[in-house]
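[1] fold the following.
(chains A and B)
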Amino acid sequence: MLKGARAQLLLLFAILRLKPKRTASHRGRLLLIAVVVVLAGCARRASVAPTDYLQVDINVPPTTLDPRFATDAMSGRIDELVYESMVRFDQAGKPVDELAERIDQPEPTRLVFHLRHGVRFSDGHELTARDVKFTYDTVLDPSSGSMRRSALAELKSINVLDDYTVEMTARRPYAPALEMATLPIVPAGSPSPHSSLLIAPAGSGPFRFAMYRRDEALLLERNPTRPYQPGTARRILFKIVPDATVRALELVEDICDFTENDGIQRDLIPYLERHPFLHVERSPGSFLQYLAFNLRDPRLKDIRLRRAFAAAIDRKAIIRSMLQDTATPATGFLIPENWAYAGDVERYEYDPDKARQLIEAAGYSKDDPRLRFVYKTTPEGHRMAEILQAMLKQAGITLEIHTNEWATFYADLQRGNFALAASQLAVASPHDYYFFFHSSMMPPHGSNRVGYSNPEMDHLLEQADTTMDPIRRRAICAQIQQLAARDIPYLPLWWINTLTIANQRVRGFVRYPDGSLRSLATVRFSPPAAPIAR
Amino acid sequence: MIDYLLRRLLGLIPVVLGVATLTFMLIHLVPGDPVVAMLGDSAQPADIVAMRHQLGLDQPLVTQYGAFLGGLVRGDLGESITMRAPVRRVIAERYPATLELAAAGLFVAVLIAFPLGLIAGANPGGITDASAMGVAVLGISIPHIYLGPLLMIVFSLELRSLPLTGRGGIAHLVLPAITLGFSMAAILARMLRQSLLGARHAEYMRTAIGKGLSPVAALIRHALRNALMPVITLLGLEAGALLTGSIIVETIFSWPGLGRLMITAINNRDYPLVEGCVLTFALSYVVVNLITDLAYGTVDPRVRLTSR
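    All right, here's what the predicted structure looks like:
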């Protein structure tokens, strides 16, 4: 502050020293002084951040405040602070109790949830089984237009057994059934947001919505019906700052307390790490970057060529340079922290000699003109495309990069209009393999955009979905991962780390592979530190 | 004058129709499906079909176009697909921010351009001319994406005089307005200088100086008024561009304007919202040009606004 005031005074002093010659210049001088005075008058005091207030910078706004209609990642992360579901995923991707205190499974198709007593929404009324049924009914009602309905495709019915007991029936024995119990619960009677998605129903989570200005900021304050520990945040301001450089400046200047993942431009990490009052942390993340091979292309049907691609890409070098060590080379879709992860799969290390041998074995000469592939990407992925292009060139493969904004890129993927494409995917459970590898899941039915079809894989995926015994299911999931690694219709490149940058005041943030922000509710503020030296 | 206004307002109808038709066609021709983009990977085909039906996207394009035009006649721009709110309301929420920023940018541009242009035009070839034009060249050369963060570092982070980002009072407006207005000021200043150079040698200037006016007074009272016509034309064009071209400034300063909204809408293939935003921009442009035409008559009485 002193530094700023001194500079303003110096500027004023310099202007006043200008020797007046004419009236016009005198007026000009006065104008300049007026401008400086106005700027000084606009001054805000350098605030010492209050100890119960947290500012989190985010790059995109949530699309909705109603969890029944949220499908984007940011809405989901904020909803976790406001709403609770019967179960939620832990760090290993296993469903754990949240509103449910006990879950019984009397039959393979039936799940009975016993709800905790005394849970209250922020509007004061108690959460009961009727609220659970209401939430599910509104999502399942086709006229509501909820985008979450497809996640409940295997749900046959949901019934209230008593005030604190809910029965969920699946259409068939369905091992991932508990994943359907992760829907955030809203009070019975909450209107469907036909007029606007910015109407927020009450929630039973640690916070409630206090204010939202679209594309500007969202303020959460503590849910008055829930006690909270002193020393934790009483309010959280999510400020929407679309520019990555500005987000970094806000961190460095002690305006923002916390940001994570997409909020951080990788190039700026070394700069941010130079500031001792900022804690830059990397931890395992469940976002996968992968390269998809379109198997409808006769050249890419040849597994030798796909393996040549895998051997020609130096993933460790890309992670080190482009990603500033914020990723881990991937061996499959699931991260090692996931309960179903299998590490004993075929791995593809960087080996340019092997890549060339495989290309020759597939019947191509070096720089064969047939080794020219259309690679589809988005503007965000263009830099990586250029790196891959250079690496693959060494092996004699030419990439023709086509960059389009996301909606066009996605439409091309859905139509199979690509030879190679890189994309990202949030992998939460082994069930995600089904959407990407089962032959029935080709668009528009699912995400098998590469056209992969293997009866052995189909059989394993179906078994994994219907095997209720967790040990047997885990063994089947391991076989799925081994087969996927052997056939490589998708080349898993790396898992993107969960990256957080927090001011040293903020202590105790627990990192989740999916980037969940739920532990913002429990982070503690260390005592105010000495003024930060810059 | 009233005839002229009526004629211009009637002229809006084909403009609106043309813009609406072009926007409708272009956004529907671009690949990408709003429903697929919205529902994501795990959507069931039945849900996609249901959602498409609910939004009327399963209708033939001609029917959709007819419904769109029908709505337009009633002043109904439809409902945003992603926000589930009336487009008119969403735009009404954001338009004041865009207007505010454009007006402030214009004000800054005029505030910088007129003194610079006058100084340069009054002493062509001198050091003041070179300095003023140097500033103008700097203004044209320096991109928003560089000037914005530079101003932030100086005024928000070092001097701590102005807020870094966001929309609030006048203080929040200063830096984005300077960022937006500086390059426009440079263009205006150069245009003003050129116009003044032409006017300096006009006969009326010699007469004015012969009557005893100082060269500076003659320049301001007589030459400036005559030099304003091309400047006003440019001002009108640039003002329109300020309204539509502030997307980068809006992003840098987290300004909740219409530009950012439109980019998001295009990415999400939110057809009604894109159409609403483009129409708003087009209408704004037309209105700004109308104001420019009216300003001609005020500055130069020889210009008469008639229905012909």
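[2] run through the chain and note the low-pLDDT ranges.
    Using chain A. Residue ranges of chain A with pLDDT under 70: A:1-51, A:193-198, A:527-534.
[3] ah, I was thinking of chain B
    By pLDDT under 70, the low-scoring segments of chain B are B:37, B:39-45, B:245, B:301-308.
[4] hmm, 50 instead?
    B:307-308 (pLDDT under 50).
[5] okay, now the residue of the stretch 101-250 of chain B found nearest chain A: neighbour count?
    Using CB to the nearest CB, the closest approach of the stretch 101-250 of chain B to chain A is made by residue B:171 at 3.6 Å. For glycine as for every other residue, the C-beta is placed from the backbone atoms N, C-alpha and C. Counted with other CB atoms under 10 Å in any protein chain shown, the neighbours of residue B:171 add up to 16.
[6] that one should be in a helix, yeah?
    Yes. Counting by DSSP: H, G, I helix; E, B strand; the rest coil, residue B:171 is found in a helix.
[7] list the contacts for the residue lying closest to residue A:163 once chain neighbours are set aside?
    The shortest distance from residue A:163 to any non-neighbouring residue, by CB to CB, 6 or more residues apart in numbering or on different chains, is to residue A:128 (4.6 Å). Applying CB atoms under 8 Å, 6 or more residues apart in numbering or on different chains, we find residue A:128 in contact with A:115, A:163, A:164.
[8] buried subset of those as a PyMOL selection?
    Those of the contacts of residue A:128 that count as buried under 16 or more other CB atoms under 10 Å in any protein chain shown are selected in PyMOL with:
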select buried, chain A and resi 115+164
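[9] restricted to strands, list the contacts of residue A:128.
    Counting by DSSP state E, the part of these found in strands is residue A:115.
[10] how near is the residue of the stretch 201-308 of chain B found nearest chain A to residue A:69?
    Closest residue of the stretch 201-308 of chain B to chain A, CB to the nearest CB: residue B:256 (4.2 Å). Distance, residue B:256 to residue A:69, using CB to CB, to the nearest Å: 22 Å.
[11] of these two, which one has the most company?
    Using other CB under 10 Å, the more surrounded residue of residue B:256 and residue A:69 is residue B:256, with 23 against 20.
[12] contact partners for the closest residue to that one other than its chain neighbours?
    What sits nearest to residue B:256 in space, not counting adjacent residues and going by CB to CB, 6+ apart, is residue A:215, at 4.2 Å. Residue A:215 makes contact with A:61, A:240, B:94, B:254, B:256, B:260, B:261 under the criterion CB under 8 Å, 6+ apart.
[13] re the thing from before, surely the residue of the stretch 101-250 of chain B closest to chain A meets residue B:160?
    No. Using CB atoms under 8 Å, residue B:171 is not in contact with residue B:160; the gap is 11.6 Å.
[14] could you chop chain A up by domain?
    Domain ranges of chain A: A:50-83+A:205-277+A:504-534, A:84-182, A:285-495, per automatic domain parsing.
[15] out of those domains, flag the one nearest residue B:134.
    domain A:50-83+A:205-277+A:504-534 (27.5 Å; CB to CB).
[16] just the element for residue A:375, please.
    strand A:372-377 (DSSP states H and E).
[17] by contact count, what packs against that strand?
    The criterion is 3 or more CB pairs under 8 Å, 6 or more residues apart in numbering or on different chains; DSSP states H and E, and the helices and strands that strand A:372-377 contacts are helix A:382-394, strand A:398-403, helix A:406-415, strand A:420-426.
[18] ok, the shortest one near chain B or not?
    No. Figure legend: strand A:398-403 not in contact with chain B (CB under 8 Å from any CB of the partner chain); closest approach 12.0 Å.
[19] just the angle for that strand relative to helix A:406-415, thanks.
    For strand A:398-403 against helix A:406-415, the angle by axes from the mean of the first three to the mean of the last three CA atoms, to 10 degrees is 130 degrees.
[20] going by neighbour count, which residues in strand A:398-403 are buried?
    For strand A:398-403, using 16+ other CB under 10 Å, the buried residues are A:399, A:401, A:402.
[21] for the last one, list each beta-bridge partner.
    Counting by DSSP bridges, residue A:402 is bridged to residue A:376.
[22] that one against residue A:375, yeah?
    Yes. Using CB under 8 Å, residue A:402 is in contact with residue A:375, at 6.9 Å.
[23] picking that back up, next, the angle strand A:420-426 makes with the strand holding residue A:375.
    Angle of strand A:372-377 versus strand A:420-426, following the same axes, to 10 degrees, is 30 degrees.
[24] need the residues that contact strand A:372-377.
    The contact list for strand A:372-377 (CB under 8 Å, 6+ apart) reads A:297, A:299-300, A:384-385, A:388-389, A:397-404, A:409, A:412-413, A:417-422.
[25] which of those count as buried?
    Buried members of the contacts of strand A:372-377, counted by 16+ other CB under 10 Å: A:297, A:299-300, A:384-385, A:388-389, A:397, A:399, A:401-402, A:404, A:409, A:412-413, A:417-422.
[26] quick one: distance of the lengthiest helix in chain B to the chain centre.
    Scanning chain B for the longest helix, with DSSP state H as the assignment, gives helix B:87-122. Helix B:87-122 sits 8 Å away from the centroid of its parent chain (CA atoms, centre = their mean, to the nearest Å).
[27] buried ones in it, by neighbour count?
    Buried residues in helix B:87-122, defined by neighbour count with 16+ other CB under 10 Å: B:87-88, B:90-91, B:93-95, B:97-98, B:100-102, B:104-106, B:108-122.
[28] tell me, which of those residues make contact with chain A?
    Applying CB under 8 Å from any CB to the buried residues of helix B:87-122, one finds that B:93, B:94, B:115 fall near chain A.
[29] surely the second one and residue B:256 touch.
    What that stands for is residue B:94. Yes. Using CB under 8 Å, residue B:94 is in contact with residue B:256, at 6.1 Å.
[30] find residues that contact each of the two.
    By CB under 8 Å, 6+ apart, the residues touching both residue B:94 and residue B:256 are A:214, A:215.
[31] so how far is residue A:241 from the residue of the stretch 101-250 of chain B closest to chain A?
    Here residue B:171 is placed at a distance of 18 Å from residue A:241 (CB to CB).
[32] then residue A:122?
    Per CB to CB, residue A:122 is found 27 Å from residue A:241.
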